[in-house]
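[1] Kindly return the folded structure for what I paste below:
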Amino acid sequence: MKKMILVFLGLVSACNSSQKTVSETAAVKKEVNPLEYAETITQEELKDHLYIYASDEFEGRETGAPGQKKAVEYLRKEYQELGIPAAKSDGNYFQKVPLEIASVPVGSISLNGTSFDLGEDVITFTTAMGNYSEVVYLGYGIEEGDYSDYTNLNVQGKLVLIKSGEPENKDGTYTLTGTTEKSAWSNMSQAMEKKSKLAIEKGAQGILYFDSENYPRFKGYYEFMKNNKSGKMSLKQEASDNFIVLLNETASKVLKKDIVEDNEPKAINSEVDLKISSGNGQVDSENVVALLRGTEKPDEYVVISSHLDHIGVNADGQINNGADDDGSGSVALLEIAEAFKKAKEEGNGPKRSIVFLHVTGEEKGLLGSKYYTDYEPILPLENTVANLNIDMIGRIDPKREGDRNYIYLIGSDKLSTELHNLSEEVNTKYSQIELDYTYNDENDPNRFYYRSDHYNFAKNNIPIIFYFNGTHADYHRPGDTADKINYDLLENRSRLIFHTAWEVANRANKVVVDKVSK
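    Numbers count the residues shown, from 1 in each chain. Model prediction:
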């Protein structure tokens with residue numbers, strides 16, 4: 001933090017020059033030391049919160065379920081007791097997130113006379129009905145700049161077939177980037193959404209999508225839904241009659257045997273009969289959003305976020321308490337809020353406003369944060385300076401070697417070099433935690449950058465930092481309980497986040513965005 005000293009000299013002379021009615025004074029406003037506020041974030045209070053928040057009473061905090069309702073009430077009560085008001089102008093801490101859930105679909109698909117039962121070679125999460133005698137093969141299904149797979153093809157009301165990947169030049173570079181670096185159209189977490197959205201905008205009724213690399217991931221999710229009798233949740237605003245069906249290589253080659261080699265878009269004669277049904281229901285859920293107004297720049301916002309939900313109760317009755325995922329982030333956010341509130345009570349509140357954002361539906365596809373950023377930003381995104389996202393900071397990654405006092409940082413340098421450097425400097429000055437960038441690698445197969453709530457801010461060109469301890473054997477299992485949390489590490493990591501937020505909120509200028517979101 002830059003040192004700021006304000007010296008005020010008051011010299012008041014009376015009529016008699018030899019006598020002063022007010023003595024010479026020199027009032028110096030000292031630089032505020034955030035350490036005293038960071039020290040209010042303690043292991044004991046974090047533990048007290050978490051043993052309640054990740055208890056069986058909260059039933060795993062499944063989105064929209066009774067346990068999640070208990071969680072949001074707990075958070076609301078804590079902010080009320082802290083005296084930190086709601087972010088919404090009507091005083092309501094809850095931001096309703098309209099959700100729909102499609103029950104686990106059932107049925108079969110016939111491709112050129114070959115029947116496939118849902119769940120093995122073909123997967124979908126919604127209703128998909130219809131009989132088609134033609135499929136428009138779009139190759140990679142991309143349109144960007146001068147490149148288009150849609151040239152001279154009409155997809156209005158039709159079924160299209162798209163494969164993963166993007167075009168390459170003969171020299172091994174990628175056509176869209178002109179370099180050896182892939183574009184977002186190849187990104188594991190973005191590509192299918194981008195390609196499907198484009199196809200639907202062009203008028204396609206349904207998409208058959210071939211992605212051999214990621215098919216096992218989608219199959220695993222489908223099997224989880226089926227075994228737990230859950231369903232695919234989505235934002236109500238995004239519900240439509242369009243559908244997407246995922247195909248593995250076996251099913252894809254029944255439609256087009258040379259799909260791997262042939263990239264040339266064309267209409268192909270095919271018989272496709274879709275008989276997959278599913279039902280939709282409404283889900284009542286909410287984000288919890290509190291706001292501490294800034295003293296000098298109240299209309300600029302630093303958002304600190306965590307997700308309040310988890311995956312609920314297994315089919316056999318076992319509760320997934322989610323102490324680390326993301327109970328640790330939820331209680332860290334409460335303690336960070338308390339530290340900022342204490343600073344404000346002592347006349348040292350942050351210059352910029354701090355938004356404490358607990359989002360729902362993260363486990364269902366980052367739905368709560370997507371609703372906040374894409375549909376109803378309570379505070380304007382154009383005035384949002386940064387997002388610090390906390391998702392699992394209470395455990396130790398068993399695969400990691402070295403000092404246990406570490407944290408994985410993801411995304412700090414993706415949009416703002418300045419934010420990354422600031423983060424490093426703050427850690428050196430206050431926390432001395434080992435900052436591990438293993439999962440920040442563009443080629444990391446886990447793609448964690450795209451898998452937590454910060455991404456919905458990053459895609460809007462808002463600089464982010466994602467704080468993460470890595471996965472462990474209890475990830476998404478009943479064993480993720482409060483007794484397994486390393487509370488000393490949770491305290492250290494929470495304090496680091498507080499110090500980083502403090503610096504971002506109090507610096508003279510907001511952090512500069514010097515890179516483009518991918």
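[2] switch to C-alpha atoms for all contacts and neighbour counts from now on
    Noted.
[3] At the geometric centre of this structure, which residue do we find?
    Geometric centre of the chain, nearest residue: Asp453, 1.2 Å, by C-alpha atoms, centre = their mean.
[4] Identify the residues contacting that residue.
    Contact criterion C-alpha atoms under 8 Å, 6 or more residues apart in numbering gives Ser305, Ser306, His307, Glu362, Leu366, Ser369, Lys370, Asn389 as the residues in contact with Asp453.
[5] could these go into JSON lines alongside neighbour count, pLDDT and distance to Ala102?
    Output for the contacts of Asp453, formatted as JSON lines (neighbours: other C-alpha atoms under 10 Å; pLDDT from 0 to 100; distance: C-alpha to C-alpha, whole Å):
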{"residue": "Ser305", "neighbour count": "25", "pLDDT": "98", "distance to Ala102": "27"}
{"residue": "Ser306", "neighbour count": "31", "pLDDT": "98", "distance to Ala102": "26"}
{"residue": "His307", "neighbour count": "29", "pLDDT": "98", "distance to Ala102": "22"}
{"residue": "Glu362", "neighbour count": "22", "pLDDT": "98", "distance to Ala102": "17"}
{"residue": "Leu366", "neighbour count": "21", "pLDDT": "97", "distance to Ala102": "17"}
{"residue": "Ser369", "neighbour count": "29", "pLDDT": "98", "distance to Ala102": "20"}
{"residue": "Lys370", "neighbour count": "23", "pLDDT": "98", "distance to Ala102": "19"}
{"residue": "Asn389", "neighbour count": "27", "pLDDT": "98", "distance to Ala102": "29"}
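[6] In helices, which of these fall?
    Secondary structure assignment by DSSP state H places Ser369, Lys370 of these in helices.
[7] Residues contacting the longest helix along the chain, please?
    With DSSP H setting the assignment, residue counts place helix 487-506 as the longest helix in the chain. With contact meaning C-alpha under 8 Å, 6+ apart, helix 487-506 is reached by 1, 34, 38-39, 41-43, 46-47, 301-302, 304, 328, 332-333, 335-336, 339, 350-354, 386, 388, 393-395, 405, 407, 422-423, 426-427, 430-431, 433, 510-511.
[8] ok, then the element right after whichever strand or helix holds Lys232?
    Lys232 is part of strand 231-235, with elements assigned from DSSP states H and E. As assigned by DSSP H and E, the chain's next helix or strand after strand 231-235 is strand 243-247.
[9] Alpha carbons only: can I get that next one in CSV?
    Output of strand 243-247 as CSV, limited to C-alpha atoms (Å, rounded to 0.1, in the frame of the first residue of the first chain):
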residue,chain,number,x,y,z
PHE,A,243,-31.8,-29.6,-27.6
ILE,A,244,-28.3,-31.0,-27.7
VAL,A,245,-27.5,-34.7,-27.8
LEU,A,246,-23.9,-35.8,-27.1
LEU,A,247,-22.5,-38.6,-29.1
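[10] what pairs with that strand, and is each one parallel or antiparallel?
    Using DSSP bridges, strand 243-247 pairs in its sheet with strand 122-123 (antiparallel), strand 206-210 (parallel).
[11] Give me the contact list for it.
    121-124, 126-128, 196, 205-212, 215.
[12] Now the helix or strand just after it: buried residues?
    Reading on from strand 243-247 to the C-terminus, the next helix or strand found by DSSP H and E is helix 249-255. Neighbour counts using 16 or more other C-alpha atoms under 10 Å place Glu249, Ala251, Ser252, Val254, Leu255 of helix 249-255 among the buried residues.
[13] I'd like these laid out as a markdown table, including distance to Leu489.
    Rendered in a markdown table, the data for the buried residues of helix 249-255 read as follows (distance: C-alpha to C-alpha, whole Å):
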| residue | distance to Leu489 |
| --- | --- |
| Glu249 | 45 |
| Ala251 | 48 |
| Ser252 | 48 |
| Val254 | 53 |
| Leu255 | 53 |
